[in-house]
Structures are given as structure tokens and as C-alpha cells.
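Novice: Any chance you can model this:
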Amino acid sequence: MSESTFPRRRASAWTLWRAPLIWCGLLLALTFGMAALEPLFRAVEPGSRQVIYPHADFLTLLGRHLLVVGVAALLAVVIGVGAAVLVTRPAGRDFLPLVAQAASMGQTFPPVAVLALAVPVLGFGTWPIIVALLLYGLLPIVRNTLAGLQGIDPSVLEAARGMGMGGVPQLLQVELPLAAPVILAGIRTSVTINIATAALGATVGASNLGAPIISGIVNGNTAYVLQGAVLIGLLALTVDSVFERCQRLVRRGQD
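Specialist: Numbering: from 1, shown residues only. Model prediction:
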């Protein structure tokens with residue numbers, strides 16, 4: 001291996017992950033340095049006594065936001081991919097329309113309505129927004145998993161069966177790896193949408209990056225709204241660009 005190989009690999013890695021690192025750097029810089037922008041926000045809200053959201057530090061809000069979205073995404077992936085796999089097996093094909101319709105209903109049902117129904121059962125706090133994000137995030141995952149599994153060339157599956165594969169080995173070693181880029185695209189869509197939707201959790205007592213936005217709307221403080229909105233936007237861009245790079249790596253591995 002030549003000595004120039006390592007610099008080329010480092011350059012390639014930097015090119016691949018440059019955008020996620022830049023977005024993440026901006027996100028962390030604002031998270032830790034929001035107070036330094038007080039003069040800017042003072043210009044936005046010259047009549048307000050307080051222009052930097054005071055009720056929690058932004059790192060804590062960011063961590064809680066990631067926790068809520070992460071838990072909801074994990075549950076959505078397990079349930080969505082699992083349901084799609086089950087209805088593409090011979091024993092579960094009769095339930096395919098039911099699963100597809102149930103996932104569609106979950107996203108068409110407004111998250112605010114889910115919160116209103118979940119609060120009396122689960123109480124105020126984090127769990128109602130997790131339930132809302134779970135229901136809202138299922139459709140892209142189920143739809144893309146079905147598309148990925150059903151789009152596999154039948155000759156490939158026939159060849160796998162000819163090699164003695166069947167059932168679980170065929171699913172794990174052939175079907176899921178081939179469908180991975182499409183499944184990952186569905187997860188990417190689900191998570192990116194839910195990063196913004198999670199802000200609604202602040203309306204039911206969940207403390208996350210939506211708290212400055214809701215507080216700003218209630219108190220007429222545009223500076224608070226901007227702080228929460230910018231951080232949520234940067235978080236969504238960071239996560240979306242990470243997923244995009246992961247999709248690129250998975251496709252490259254299949255070539």
C-alpha cells in the first residue's frame with residue numbers, strides 16, 4: 001500500500017462526512033453560544049426584558065429532544081419493519097392491506113389530536129409526544145420496507161432458494177440487505193419529519209427544543225421562537241445529512 005493511500009482515504013472520508021460535520025458544528029456552536037448572540041436577539045426584540053430563553057439551558061433541551069425522537073424512531077423501526085416483514089411472508093400476506101392502511105391512518109391523524117387523546121391516559125410529559133411521533137413516523141418506514149422487499153428481483157430469491165436458503169436465512173442474508181437503501185430512506189424521512197413534530201411536545205409539558213417556541217408564542221417573544229426554530233432546523237439538517245451519507249455507503253457496499 002502506497003504512502004499516499006492514507007491521505008486519499010482521509011480526504012475521501014472528509015468529503016463524505018463534510019456536510020454532516022458542518023451542520024453538527026453549527027448546531028453545537030449555537031447550543032453552547034446562544035448567550036453570545038444576545039445583542040442580535042435584542043435587536044429582534046428591543047422591548048423585551050429577557051431575550052435569551054431562561055428556563056433551561058439549550059444543551060439540556062437538545063438532549064431531551066434527541067431522546068424523544070430517538071425513542072420514537074426506535075419503536076417505529078421495530079414495529080414498522082417488523083410488520084412489513086411479517087406481511088410479506090406467505091403466512092401473513094392476507095394482512096398486507098390492513099397493515100398498509102393502519103400505517104397510513106397513523107400519519108393522517110393529526111399529532112395534536114393524538115396528544116389530546118394521549119394526555120388523559122399517559123399524563124403530561126414525554127410519553128404522549130412519543131406516542132404521537134411513533135404513529136406519525138410509521139407510514140414512511142412501513143411503505144418503504146414493503147417497497148424494498150417487494151421490489152427484489154424474483155430471480156435473486158429463486159437463486160437463494162436454490163442455494164438451500166429459506167425463511168430467516170434468506171430474509172437476513174438476501175432480502176433485508178438488498179432492501180436496505182429503500183428502508184433507510186423511509187427511516188430518514190420518518191426521523192427528519194419527527195424532529196420538527198417533536199416541538200409540539202412542549203404543549204403537553206415535555207421539555208425539549210419546542211419549549212422556547214411555545215414560550216415565545218405565548219409571551220409574544222420572537223427571539224425565543226427563533227432560538228428554538230433555528231436549533232430544530234440545524235438538528236434536522238444534521239440528522240438528514242447523516243442518513244444521506246449512510247444511504248450512500250450502503251449503496252456503495254452493494255456495487
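Novice: burial count for the nearest residue to residue 188 once chain neighbours are set aside?
Specialist: Spatial nearest neighbour of residue 188, excluding adjacent residues (Cβ to Cβ, 6 or more residues apart in numbering): residue 243 at 3.7 Å. The C-beta positions use only the backbone N, C-alpha and C, and glycine is treated the same way. A count of nearby residues for residue 243, using other Cβ atoms under 10 Å, gives 18.
Novice: again with residue 106
Specialist: Residue 106, neighbours per other Cβ under 10 Å, totals 19.
Novice: close enough to count as contact, it and residue 141?
Specialist: No. The criterion here is Cβ atoms under 8 Å, and residue 106 misses it with residue 141 at 10.5 Å.
Novice: Tell me the pLDDT of the residue nearest to residue 188.
Specialist: Listed pLDDT for residue 243 reads 94.
Novice: just how off-centre is the strand or helix carrying it within its chain?
Specialist: Secondary structure assignment for residue 243, by DSSP states H and E: helix 222-254. When distances are taken as Cα atoms, centre = their mean, to the nearest Å, helix 222-254 is centred 9 Å away from the chain's centroid.
Novice: same thing with stretch 111-127?
Specialist: 20 Å.
Novice: With stretch 81-88 instead?
Specialist: The answer for stretch 81-88 is 20 Å, by Cα atoms, centre = their mean.
Novice: Other residues contacting that stretch?
Specialist: 92-93, 95-96, 99, 103, 141-142, 145-146, 149-150, 171, 183 (Cβ atoms under 8 Å, 6 or more residues apart in numbering).
Novice: try 7 Å
Specialist: Outside stretch 81-88, the residues within contact range by Cβ atoms under 7 Å, 6 or more residues apart in numbering are 92-93, 95-96, 99, 141-142, 145-146, 149-150, 171, 183.
Novice: if I look at the spatially most central residue of the chain, how far off is residue 54?
Specialist: In the chain, the residue lying closest to the centroid (Cα atoms, centre = their mean) is residue 191, at 1.4 Å. Going from residue 191 to residue 54 by Cβ to Cβ, to the nearest Å gives 30 Å.
Novice: same check, this time on residue 164
Specialist: For residue 164, the distance to residue 54 - Cβ to Cβ - is 65 Å.
Novice: could you pull out the helices for the chain?
Specialist: For the chain, applying DSSP state H gives helices covering 5-33, 38-44, 58-87, 96-108, 111-122, 126-150, 154-162, 168-170, 176-197, 210-219, 222-254.
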